[in-house]
Every structure is written in C-alpha cells, then in structure tokens.
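Chemist: following is a predicted model, sequence given first.
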Protein chains: 2
Amino acid sequence: MDYRKTFRVEPDSKLKLDKLDSAFKGKHESEDAAKAELQAYGEKLFKQQSVLYAEHKHSVLVVLQALDAGGKDGTIKHVFTVLNPQGVHVVGFKQPTSEELAHDFLWRVHPHAPAKGSISIFNRSHYEDVLVTRVHKLIDKKTCETRYKRIRDFEALLAENGTTIVKFFLHISKEEQLARFAQRLEDPRRNWKISESDYSERDLWDKYIEAFEDAMTATSTGAAPWYVIPSNHKWFRNLAVSQIMADTMEDLKLAYPKPTVNLDDIRRKYHAALQEEKNGKNKK
Amino acid sequence: MDYRKTFRVEPDSKLKLDKLDSAFKGKHESEDAAKAELQAYGEKLFKQQSVLYAEHKHSVLVVLQALDAGGKDGTIKHVFTVLNPQGVHVVGFKQPTSEELAHDFLWRVHPHAPAKGSISIFNRSHYEDVLVTRVHKLIDKKTCETRYKRIRDFEALLAENGTTIVKFFLHISKEEQLARFAQRLEDPRRNWKISESDYSERDLWDKYIEAFEDAMTATSTGAAPWYVIPSNHKWFRNLAVSQIMADTMEDLKLAYPKPTVNLDDIRRKYHAALQEEKNGKNKK
C-alpha cells in the first residue's frame, strides 16, 4: 500500500478527521509482523541521507504536529534515530519568548530551515500559530486566514530553493490520548512529561480538531503535502512515517556528486606521496 | 580495559604522539570480535541520553579533532547514530567567515554549547584556532599560548554550568592517512571528500603533530580531558570512543526527574476524564 496516496490531504477538499480511522493498521496484524519492513525502511533512510549529505543539493523539512500525547517525540525517537546526527537538526518550538513575539510568526522559524544536504525535523512548528493561537482566541479568523497564506508562501519559497517538505499529523483518538495520559501517570520514566495543562487542553479537543482540519485543508499543497497518519498503534505510525519518508527521498533521485577536483591531478599527487613514503622506509 | 585511563592525556606531562601506537586494538582481534561489545555500549548510550534529556540538568560536549582522514565523520556516523537526534547537535566548524573573523575566536563557538539535557558534537572546533592557524603561522607563539588559556577558561565556564566535556583526538599514522586517501580516490561514493589541499596539508604533518601535542598538553584538564584514540583500525576507534562516552555518562549518575506537578491532582483529573468518557459512551 502506498501510504503517500492513502494518507495525503488533498488540496481543495475539506478534511474531516473523524472520517479517518486513527486505529488503522494496514496489512500487518502486529508490531512483530511489521518489524522487518520497518527495519528495511530505516536502512533505506540511512543510506538516502548519506547521499543527500554528500550531494549537497536538496534538503528535507519534516513537520510533526499532533494533539498532546499524539507521539511526536516517539516518532522522532523510533523513526529518525536511524539517521546520522550529522545532517539532522531537530527543532522544538515551544511557547514563543517575548523577543519572538515582537516579530512576525515566521521569524523564529526561518533560521531553522534545513541547509542543502540536511534534514530538519520540526517538533511542533509554525503551525502552532494557526492552532493553539486560534483555539485560545489569540488571533481572529481573518488573521488565521492570512497566516495560512503566509505559510503557503513561506513553504513555496523553501521548496523553490530545493527543500522537500513533508508534514505529518499524528492522528490519535480521544480515548487513546486518555490511555496515554494514564501510562504517563504510572511510569516514573514518563512522569516528567505530564503537564498541568494536559486536561484543560483536552477539554478543547473538538476545537483543536477543527483548527487542524482547517489548517491542513488550507496548507496541503503539491510542494508541501500534509499526511494524516493513523497513530493509535505506535508501530503502525512508525511504519507509515518511515515509508513515506523513504518514498519521498527516493523521488529525489539522489546521487553522489562528481568530484570537484581533477582526479588525475590527485592521482599524481598520491603516487608521489606513496613513492616518498617508500623512500623514507628504505632509508630507515 | 578502562580506556579513559589508558588514553587520557595527563595534565602537566608533555604529550608525545609518536610514542602512542595508532594501530593499537586492545583485546579484540577483529571487528567481528568487538561487535557485541560495541553494540552494548551503543544501547547504553541511547538509554543514558534518554535520561539526560528528561533530567534536563547536565549537558555533554564532545570535541572531535584529527588530521585529515582521521575519521571524524566516520566516528559520528558509527558511534553517534545510535542517539536520538532530538537532543543531539552536530556542529561542523569550517574556515571562519569574514563576520566570524571580525570577532574573537570563541564567538562563533559559544552559541553551540549544549543546552541542559542535550549533547553537542563538535566536528572540528575552537581548537582549529590553535592548530591550523599555528601551522600556517597566522598567529604567533604568544597568541597561541594566550588562546590555550582562553580555551581552558571557556571550558571551565561550561563545566561549571553542568557541561561534561570529552575531547577526542583520533590518532592515525601517516601511512594510514595515505591509504585512506587512496580509498577516496577509488570509491565514487567518497570522491567528493577529496580536497585540493589534502597533500599540501599532509606535507605539514610533523608541524600538525607538534601543534596537537602542545595544544592537548596545555588544555587537557580535569574538567575537560583529551583522549588520544588509536584510530588506524576504525572499529577499535569506535569501540574506544563508545566506551569512554558510556563510562563518562555513567559517572553523571543520571536519573529521571521527579514530576513537577502534583500527581494526586493529576490522578483526580484523569479519573474525572475517564468517567466522562464512560458516560459519553453510555449515552451513545
């Protein structure tokens, strides 16, 4: 199954999240059954990244968004740990500082756009500025619409400059969120992730869903598509994200670059150095 | 064998690199024999990083230096790819820009000091400013001595703020460098790494060695030790770096933090939400 086709948010058609099954798990019955496939995508990604880095022509921007406990951190940990950290930048966007608030909403984001050869992963992103701000009525409808347009423009700019943009919404059900909150309560290794605002934000669930639907409908473009990933099953989420990443990078037709130096010149230098080394050894 | 003891540069004793065997390989005969041990350190590092990130108290700075083809990129790829990219920053320091040159030599380095909970890996570093600059006579002896002191001060500042500093010199022989240059010539996936200056810099080998010896002697401190890693065998290099990293992080006695919220409050909120969910379901 081509998950890019299945999970892509089509531009110009209104997204309805409650029509998409967050517990979908494709052809595999269990995590174990999916393991080999996940590992194969991981190896593919590692290799593709190596060429991306060497070629120094394209870059990749991954945007991860979800409701609380949707699995943003987990996706990074379980999908992207296969990557060489040289050439990957994970950037978390928290509540803006007062300096950031004194600028336009893309000001703090732009410096983290990926350089040629590298991958940036946004854990939350500029989309917070049309999500949390809208739900909490910090911006009005008109500002929100304007920001959709600014986001499309911004992403078009990056795409024109060689950046491939892949945006994931990790889709969990409200029940699954509660189950994950329970796990955080009972696991001392996860207690630290509990936030005072978890339940007050949960009360705004429907408003968040609506904000996500509108934002994704407005900003899923050919150059910067949104994918809604069924994420109740973490292993399926990892599999789908891996496949989409590997397929997207395959489309770039990455290739090791030709050397910028004259190889014959270098060969002559090499043989001179080799001769010198041999002479040195004979003298000893 | 405790590689921290074996390979540490002792403060106040003049380092002589030609007395250290760059082809050392410890108790293992081959890469295959070392594989299980390397994997175990990798798993340890991954777990330690998880706690480091959660605890948000310590940070780790890794400095990688070597002569050309010494294996800086390879070490990152083969040792540090086990890490979750969320919480790791690899920073490469190339020839300074004109803006950077208009400032003191630590100006471009300081912003990349690791934040609490995270690991920064410097691929080359502020040490270039007492190495390449000295070999090419861009600074005089007095400036170089002053910079050693400034580096010690800078690293002391970081250490006082909770940063653990680990500095690796990847030690290869001059013959091994030439063998690696040959591999780059013959492997199309590595051609792009060939630089025009490879052989002219190689001619300065002895001067580089001397500059490294002086710099490491002057800056290997209790808070920021240098380790000279025998690196002719890449697998042994990876093993030694992994062990030193894992042992260093173990000494931090990392622990998952206590929750900052009142868990009983959160439990009450959880049960209320659970009840509401059940009621909702009954109504349907």
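Modeler: Noted; the coordinates are in hand.
Chemist: all strands of the stretch 1-150 of chain A, in order?
Modeler: All strands of the stretch 1-150 of chain A, identified by DSSP state E, counting those that start in this stretch, fall at A:59-66, A:88-92, A:119-123.
Chemist: of those strands, which is nearest residue A:159?
Modeler: Minimum separation from residue A:159 across the strands of the stretch 1-150 of chain A (Cβ to Cβ) falls at strand A:59-66, 9.1 Å. Quick note: C-beta positions are derived from backbone N, CA and C, even for glycine.
Chemist: tell me what angle the closest one forms with strand A:119-123.
Modeler: On the basis of axes from the mean of the first three to the mean of the last three Cα atoms, to 10 degrees, strand A:59-66 is oriented at 10 degrees to strand A:119-123.
Chemist: which residues are contacting strand A:59-66?
Modeler: A:52, A:72, A:75-76, A:80, A:113-125, A:127-128, A:131, A:158, A:162-172, A:212, A:231, A:245, A:248-249 (Cβ atoms under 8 Å, 6 or more residues apart in numbering or on different chains).
Chemist: returning to what we had before: in JSON lines: the strands of the stretch 1-150 of chain A, plus mean neighbour count and mean pLDDT.
Modeler: Converted to JSON lines, these look like this (neighbours: other Cβ atoms under 10 Å in any protein chain shown; pLDDT from 0 to 100):
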{"stretch": "strand A:59-66", "mean neighbour count": "23", "mean pLDDT": "98"}
{"stretch": "strand A:88-92", "mean neighbour count": "20", "mean pLDDT": "98"}
{"stretch": "strand A:119-123", "mean neighbour count": "24", "mean pLDDT": "98"}
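Chemist: between those, which gets nearest to residue B:154?
Modeler: Comparing the strands of the stretch 1-150 of chain A under Cβ to Cβ, the one sitting nearest is strand A:88-92, at 23.8 Å.
Chemist: parallel or antiparallel, which strands does that closest one pair with?
Modeler: strand A:119-123 (parallel) (DSSP bridges).
Chemist: can you select the buried ones among the contacts of strand A:59-66 for me in PyMOL?
Modeler: Here is the PyMOL command that selects the buried residues among these (16 or more other Cβ atoms under 10 Å in any protein chain shown):
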select buried, chain A and resi 52+72+75+76+80+113+114+117+118+119+120+121+122+123+124+125+127+128+131+158+162+163+164+165+166+167+168+169+170+171+172+212+231+245+248+249
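Chemist: and residue A:278, how far is that from residue A:173?
Modeler: 71 Å (Cβ to Cβ, to the nearest Å).
Chemist: looking at the two, which is more packed in?
Modeler: residue A:173 (17 against 10; other Cβ atoms under 10 Å in any protein chain shown).
Chemist: residues contacting the more buried one?
Modeler: Listed by Cβ under 8 Å, 6+ apart, the contact partners of residue A:173 are A:22-23, A:232.
Chemist: next one: it relative to chain B, how far apart?
Modeler: 11 Å (Cβ to the nearest Cβ, to the nearest Å).
Chemist: is chain B contacted by stretch A:275-284?
Modeler: Yes - part of stretch A:275-284 sits near chain B under the criterion Cβ under 8 Å from any Cβ of the partner chain, namely residue A:277.
Chemist: ugh, wrong one, I meant stretch A:244-259
Modeler: Yes - Stretch A:244-259 is in contact with chain B by Cβ under 8 Å from any Cβ, via A:256-259.
Chemist: now do that stretch, average pLDDT.
Modeler: For stretch A:244-259, mean pLDDT rounds to 97.
Chemist: endpoints of stretch A:191-203, how far apart?
Modeler: Start-to-end span of stretch A:191-203 (Cα to Cα, to the nearest Å) is 21 Å.
Chemist: can you give me the buried ones in it?
Modeler: Quick answer for stretch A:191-203 (16+ other Cβ under 10 Å): A:191-194, A:198-199, A:201-202.
Chemist: likewise for stretch A:246-262?
Modeler: A:246-249, A:252, A:254, A:259, A:261.
Chemist: excluding its backbone neighbours, what's nearest residue A:2?
Modeler: residue A:247 (7.4 Å; Cβ to Cβ, 6 or more residues apart in numbering or on different chains).
Chemist: still on that earlier bit, the strands of the stretch 1-150 of chain A: which one's closest to residue A:187?
Modeler: Once these are compared by Cβ to Cβ, strand A:59-66 is nearest, at 19.5 Å.
Chemist: still on that earlier bit, ok, the residue nearest to residue A:2 touching residue A:6?
Modeler: No - using Cβ atoms under 8 Å, residue A:247 is not in contact with residue A:6, being 11.8 Å away.
Chemist: how much space separates residue A:50 from chain B?
Modeler: On the measure of Cβ to the nearest Cβ, residue A:50 and chain B end up 8 Å apart.
Chemist: for the nearest residue to that residue once chain neighbours are set aside, give me phi and psi.
Modeler: Closest residue to residue A:50 apart from its sequence neighbours, by Cβ to Cβ, 6+ apart: residue A:84 at 7.1 Å. Backbone torsions of residue A:84, given as degrees, to the nearest 10, read phi -70, psi 120.
Chemist: who's in contact with residue A:84?
Modeler: A:46, A:49-50, A:53, B:76-77, B:80-81.
Chemist: confirm residue A:166 sits in a strand?
Modeler: Yes - Residue A:166 forms part of a strand when assessed by DSSP: H, G, I helix; E, B strand; the rest coil.
Chemist: and it, what does it touch?
Modeler: Neighbours of residue A:166 in contact, by Cβ under 8 Å, 6+ apart: A:60-63, A:225, A:227, A:244-245, A:248.
Chemist: what of residue A:242?
Modeler: A:38, A:41-42, A:45, A:79.
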